[in-house]
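[1] Just need the structure, nothing else, for what follows:
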Amino acid sequence: MTDSTPEPQIVNIRDRQQQLLRQRRQKFRRGAGRTLVILGLTVGLGWAVCQPKWQIRQSSQITLTGNQQIDTQTLEHLMVLQFPTSLIRFQPQTLVSKLKANAHISQVVVTRKLFPPRVNVVVRELPPVAMTECEGCTLVLDPGTKDSLTLGPANVWLLDRRGVVLPADSYPQLEKAHQLPNLTLKSYLQPETQANLQQSSQTSAAKWVSVDRQKQAQWQQMYAAIEVSPVQVKHLNWEDPTQLMLQTKLGQIRMGPYGPNFTRQLQALDEMRTLPKSVDSQQIVYIDVENPENPVLELRNQSQPKSSP
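    Got it, this is the predicted structure:
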């Protein structure tokens, strides 16, 4: 049998194969060229940004906006920026995490600018909702870690709804206008013995405190219930963890240890709002709602507590 394929057709097939091979080579060269150009630009840009003129060398190169009430100096302290720092090595997410975790800030947007080198930080504040007193205390943030920071010393401290604490002097306008929150807490901050040992060389008179994470989580739940409750809570005493005490228009309230019944306990207090019409409030020593289904009144000159109707 003889090959019936015409000679011109075989030549055309070979030409087509060679043409495809040339196209692949050209495509490879163009791709390699683009890769080299991009790599060169990236290396060049990285080298340029790492040069001294592309560095953040002082705080004046950082623009902070959006803080209407919180003092700018406080936020700058919490950003923990080290100078000089290269723009390419600058980590915006670290700054965002620091501010949101340690300041009354709900949102942070960080942008970098090369020409001229700058960092822009835009924040959205959370209002303080309560205050606590701790005379001469210095707050330690993230105690026991290398990223530990301190705030204070201060006598009055403000909390937001998440339980994050700032010294009252971080709000100079509120202090000047006497517009600090009406809700007060006792014993929210706890002594930080580890920080006291580490920092004792600075000042022997300092009171080092921190925020207990469990208590902070409880405060978030507690305030969420207080915020929507008709009961006006004026003061919250957390000195004894087994006996949470509230101060309301009805007087002193014993809640027992904080627990899942807190919302129901507030409902029980709201149901007792007409109590002053039948009982002289001056005669009420306290109201115990540890069992919200059976509140108990302790009256002056009364040998036995009385169940509330």
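
[2] now H104: how far from A168?
    12 Å (CB to CB, to the nearest Å). C-beta: built from backbone N, CA, C; applies to glycine.

[3] Give me the common contacts of these two.
    Contact criterion CB atoms under 8 Å, 6 or more residues apart in numbering; residues shared by H104 and A168: L158.

[4] neighbour-wise, which of these two wins?
    More crowded of H104 and A168, by other CB atoms under 10 Å: H104, with 27 against 19.

[5] Please give me every residue in contact with that one.
    Contacts of H104 (CB under 8 Å, 6+ apart): I70, E125, L126, P127, P128, L158, D160, V164, L166.

[6] how about 10 Å then?
    By CB atoms under 10 Å, 6 or more residues apart in numbering, the contact list for H104 reads 67, 69-70, 74-75, 123, 125-129, 158-162, 164-166, 170-171.

[7] Quick one, which of those are buried?
    67, 70, 74-75, 123, 125-126, 128-129, 158-162, 164-166, 170-171 (16 or more other CB atoms under 10 Å).

[8] Now the residue nearest the centre of the chain: closest residue in space that isn't a chain neighbour?
    With distances taken as CA atoms, centre = their mean, A101 lies nearest the centre of the chain, 2.7 Å away. Once flanking residues are discounted, A101 sits nearest to V164: 7.4 Å by CB to CB, 6 or more residues apart in numbering.

[9] can you tell me how far that neighbour sits from V211?
    Taking CB to CB, one finds V164 at 8 Å from V211.

[10] what's the answer for H235, then?
    If you go by CB to CB, the gap between H235 and V211 works out to 19 Å.

[11] more crowded one of these two?
    V211 (22 against 15).

[12] now the more buried one, nearest residue through space, not along the chain?
    V165 (5.9 Å).

[13] A32: neighbouring residues, count only.
    A32: 10 neighbours (other CB under 10 Å).

[14] State the phi and psi torsions of it.
    Here is the backbone geometry of A32 (degrees, to the nearest 10): phi -60, psi -40.

[15] OK, contacts around it?
    Counted by CB under 10 Å, 6+ apart, A32 has zero contacts.

[16] How much space separates it from R22?
    16 Å.

[17] Same question for L78.
    62 Å.

[18] Which residues are in contact with each of V164 and V211?
    Joint contacts of V164 and V211 (CB under 10 Å, 6+ apart) are N102, L141, W219.

[19] and these, which of them are in strands?
    If you go by DSSP state E, those have L141 in strands.

[20] Which of the shared contacts of V164 and V211 sits closest to Q247?
    W219 (16.6 Å; CB to CB).

[21] measure the nearest residue to that closest one once chain neighbours are set aside to L185 for me?
    Nearest non-adjacent residue to W219, counting by CB to CB, 6+ apart: G163, 4.2 Å away. Separation of G163 from L185 (CB to CB): 10 Å.

[22] any shared contact partners between the two?
    A130, K215, W219, M222.

[23] Right, I'll leave it there.
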